[in-house]
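Colleague: would you be able to build a 3D model of this:
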Amino acid sequence: MEGAGASRRAGGRGTPREPGAIRPITRSPWLGVGGSGRHSPPAAKPGRSGIIDNGPGATPGDEIAEEAAAGPPPGEERLSRPLPGAVRQRVVEVAAELIGALPAEDVPVPLRRFARFERRKRAKLAGQHIAAVLEKDDGFRRRVAEPLRDTQADLVEAVEGGDVPPAADPVRVAVLAYLLRPEGWTELVEAAREELERSATASEEEHAARRVAALKDELAAARTARSAEVDRLRAELRESKAEVAELRRKLHEARTRYRAAEERAGAAAREAERELAAARETTAAAEKELRKLRGRAAQAEAAAEAAKRAAREGRNVDDVRLRMLLDSLQDAVQGVRRELALPSTIGRPADAVGGLEPDRQAHRALPGRALSDADPQLLDRLLTLPRVHLIVDGYNVTKTGYGELPLADQRSRLLSGLGGLAAQTRAEVTCVFDGAELDAPVAIAAPRGVRVLFSRPGQTADELIGELVRAEPPGRSVVVVSSDREVADAARRAAARPCPSTLLLRRLGRG
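Modeller: As a prediction, this is how the structure comes out:
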């Protein structure tokens, strides 16, 4: 029996309790409840059961429980302890199942109101009342045992004959003994109780043994895991030590190479200083020789002037002397030329001016050269050229068309339009953005047919556009879309065709 304390029914004094709830019983002649022990309740007041306190609002079933608690007739066998829980539950279930199958007039009056309940609910809520009626009403108890005579005939015969098979279920034997009440039925119930207690003890011991085995397995696994972890840590320590040794060796080699490089750099610097000093000395000597030559040239010029005067005066001797002087001067100049290692020929200034020769092409024809930059048809004409490469200055276009949007939205809107343009024209499209505008790397899903590039740190988008234009082979049509004057001029110099950003925005707006 379950519960801790008996609550009164609704309508009476005290706290209401659920209908059919079972109060704790420790002394009763029915279901073998009685005797004394640590679970025995205090003595009942006169006129009331010491096991079931019905209260002022008692029901007919509570009155039956009080009558049953009055005690059995003298000489009748009774249990010294309550029925085992499994036996009591089975007895109540058998009676509850019979109540649902009986006609209403055959059901004891206290139990008729429970006959409409579902069987499990009936056994749960009406257990106390069913137990009380079974203890008081011998006829009802025998009627409950009748179905068991049919279903368990052999076991019923063995119980009534006092020859219970050793292999019989102790719960069934105790249920039949309680319902049939043969001679010595209390001994059968007590035997069943002892068997159930031994089974419970054996089950607990088996559970404890399994738990101990499991704990031993866990301990062994933990030790194995700890050993493996220790081995792993030791291996990692060895690897770390080897790595540190290798790093130290590399550091030593790097320091050695650095010192050797410093020594080579010092030697090279000293050698350069020596060569510079020698060059300075050579230059000073050459300048000294040049001054001498200039003096000789001045003397030669004076002699030549004198020779001219002598020639004008008709003095042949002076002409001979002048010729001899000029020859000497010429020989001296050739000696200085050889000493200074001057080239035998001198380039002419016109040779340094570049230009195309007559048998070569005068210029590269720019795509769409016949159309002006402001012509609305310029971009459409350029996109019809075979294998044209369209290079777009991204932020120049977006800030011209929709600069009020955030940079991320500007990029998404422009790339979406370029994706449609690439699909329509099948042109190669490259969109260049300035990487300096980014605070952190961005993930951009470029549309199909559109190449998206950001300039590297220290590089502008204009410089990256110039690299793209110069990377194309001569003869391919390249169109640079930008309203930046410097970008447009650089594109023209690289034989590409510039196009204003407004024309691309108009073309994208047209779809």
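Colleague: what is the neighbour count of residue 207?
Modeller: Counted with other Cβ atoms under 10 Å, the burial measure for residue 207 works out to 10 neighbours. (Glycine included, C-beta is placed from N, CA and C.)
Colleague: show the pLDDT at it.
Modeller: On pLDDT, residue 207 comes in at 83.
Colleague: please identify which helix or strand holds it.
Modeller: helix 185-312 (DSSP states H and E).
Colleague: now name the helix or strand holding the spatially most central residue of the chain.
Modeller: Residue closest to the mean C-alpha point of the chain, counted by Cα atoms, centre = their mean, is residue 443 at 17.3 Å. Using DSSP H and E, residue 443 is not contained in any helix or strand.
Colleague: any stretches of the stretch 301-450 of the chain with poor pLDDT?
Modeller: Filtered on pLDDT under 70, the stretch 301-450 of the chain yields the residue ranges 310-321, 324, 342-370, 437-441.
Colleague: what are the ranges of the strands in it?
Modeller: 389-393, 428-433, 450-454 (DSSP state E, counting those that start in this stretch).
Colleague: go through those and name the closest to residue 86.
Modeller: strand 450-454 (78.4 Å; Cβ to Cβ).
Colleague: past that closest one, which element shows up next along the chain?
Modeller: Strand 450-454 is succeeded, C-terminally, by helix 461-471 (DSSP H and E).
Colleague: got the contact list for the next helix-or-strand element following that following helix?
Modeller: Remark: after helix 461-471, the chain's next helix or strand is strand 478-481, criterion DSSP H and E. For strand 478-481, the external contacting residues (Cβ atoms under 8 Å, 6 or more residues apart in numbering) are 367-368, 379, 382-383, 388-393, 397, 465, 469, 472, 487-488, 491, 494-501, 503-504.
Colleague: strand 478-481 pairs with which strands?
Modeller: According to DSSP bridges, strand 478-481 forms sheet pairs with strand 389-393 (parallel), strand 497-499 (parallel).
Colleague: ends of stretch 451-459, what's the gap?
Modeller: Start to finish, the residues bounding stretch 451-459 are 18 Å apart (Cα to Cα, to the nearest Å).
Colleague: now it: how far from the chain's centre is it?
Modeller: 29 Å (Cα atoms, centre = their mean, to the nearest Å).
Colleague: quick one: contacts of it?
Modeller: So stretch 451-459 is contacted by 415, 428-436, 438, 444, 446, 461, 463-464, 468 (Cβ under 8 Å, 6+ apart).
Colleague: ok, now with 10 Å
Modeller: Stretch 451-459 is contacted from outside by 389, 391-392, 394, 411, 414-415, 418, 422, 428-438, 441-442, 444-446, 461-465, 467-468, using Cβ atoms under 10 Å, 6 or more residues apart in numbering.
Colleague: give me the neighbour count for the closest residue to residue 188 other than its chain neighbours.
Modeller: Of all residues not flanking residue 188 in the chain, residue 177 sits nearest, at 3.9 Å (Cβ to Cβ, 6 or more residues apart in numbering). By the criterion of other Cβ under 10 Å, residue 177 has 23 neighbours.
Colleague: three-state assignment of residue 177?
Modeller: helix (DSSP: H, G, I helix; E, B strand; the rest coil).
Colleague: buried ones in stretch 177-196?
Modeller: 177-181, 185-186, 188-193, 195-196 (16 or more other Cβ atoms under 10 Å).
Colleague: shaky segments in the stretch 1-150 of the chain?
Modeller: Using pLDDT under 70, the stretch 1-150 of the chain drops low at 1-76, 78, 80, 115, 126.
Colleague: how about the strands of the stretch 301-450 of the chain in CSV, adding distance to residue 480 and mean neighbour count?
Modeller: Formatted as CSV, these follow (distance: least, Cβ to Cβ, whole Å; neighbours: other Cβ atoms under 10 Å):
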stretch, distance to residue 480, mean neighbour count
strand 389-393, 5, 25
strand 428-433, 10, 23
strand 450-454, 14, 19
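Colleague: break the protein into its domains for me.
Modeller: 30-183, 378-510 (automatic domain parsing).
Colleague: isn't residue 483 right up against residue 398?
Modeller: No - Residue 483 is beyond contact range of residue 398, at 11.6 Å (criterion: Cβ atoms under 10 Å).
Colleague: if you count what's nearby, which of these two comes out ahead?
Modeller: Per other Cβ under 10 Å, whichever of residue 483 and residue 398 has more neighbours is residue 398, with 24 against 19.
Colleague: measure the more buried one to residue 406 for me?
Modeller: According to Cβ to Cβ, to the nearest Å, residue 398 and residue 406 sit 10 Å apart.
Colleague: now do the shared contacts for those two.
Modeller: What both residue 398 and residue 406 touch, as defined by Cβ under 10 Å, 6+ apart, is the set residue 412.
Colleague: check contacts around residue 163.
Modeller: Residue 163 neighbours (Cβ under 10 Å, 6+ apart): residue 157.
Colleague: the one 10 residues further on too?
Modeller: Each residue near residue 173 by Cβ under 10 Å, 6+ apart is listed here: 87, 152, 155, 158-159, 164-165, 185, 188-189, 191-192, 195.
Colleague: wait, a helix at it?
Modeller: Yes - counting by three-state DSSP, residue 173 is part of a helix.
Colleague: please tell me how far it sits from residue 130.
Modeller: For residue 173 relative to residue 130 (Cβ to Cβ), the value is 21 Å.
Colleague: ok, residue 254 next?
Modeller: Distance, residue 254 to residue 130, using Cβ to Cβ: 96 Å.
Colleague: which one of these two has more residues nearby?
Modeller: Legend: neighbour count by other Cβ under 10 Å for residue 254 and residue 130, higher for residue 130 (28 against 10).
Colleague: that one should be in a strand, yeah?
Modeller: No - counting by three-state DSSP, residue 130 falls outside a strand, being helix.
Colleague: I'd like to know how many residues surround residue 340.
Modeller: 11.
Colleague: need the nearest residue in space to it, chain neighbours excluded.
Modeller: Counting by Cβ to Cβ, 6+ apart, the residue nearest residue 340 is residue 286, at 6.3 Å.
Colleague: contacts only, for that neighbour.
Modeller: 336, 339, 340.
Colleague: got those residues as CSV, with distance to residue 237 columns?
Modeller: Formatted as CSV, those follow (distance: Cβ to Cβ, whole Å):
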residue, distance to residue 237
336, 79
339, 75
340, 74
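Colleague: out of the residues you listed, who's nearest residue 279?
Modeller: residue 340 (13.5 Å).
Colleague: separation between that closest one and residue 290?
Modeller: For residue 340 relative to residue 290 (Cβ to Cβ), the value is 9 Å.
Colleague: quick check: neighbours shared by these two?
Modeller: Contacts common to residue 340 and residue 290, judged by Cβ under 10 Å, 6+ apart, are absent.
Colleague: coming back round to it: of the contacts of stretch 451-459, buried ones?
Modeller: Buried, going by 16+ other Cβ under 10 Å: 389, 391-392, 394, 411, 414-415, 418, 422, 428-435, 461-462, 464-465, 468, out of those.
Colleague: got the buried residues for stretch 489-499?
Modeller: 490, 491, 494, 495, 496, 497, 498, 499.
Colleague: surely the fourth one is within a helix?
Modeller: No - under the criterion used here (three-state DSSP), residue 495 is coil, not part of a helix.
Colleague: out of the contacts of residue 286, which sit inside helices?
Modeller: Residues of the contacts of residue 286 located in helices (DSSP state H): 336, 339, 340.
Colleague: now, which of those residues sits nearest residue 273?
Modeller: Using Cβ to Cβ, those come closest to residue 273 at residue 340, 24.1 Å.
Colleague: contacts only, for the closest one.
Modeller: Residue 340 neighbours (Cβ under 10 Å, 6+ apart): 282, 286, 289, 290.
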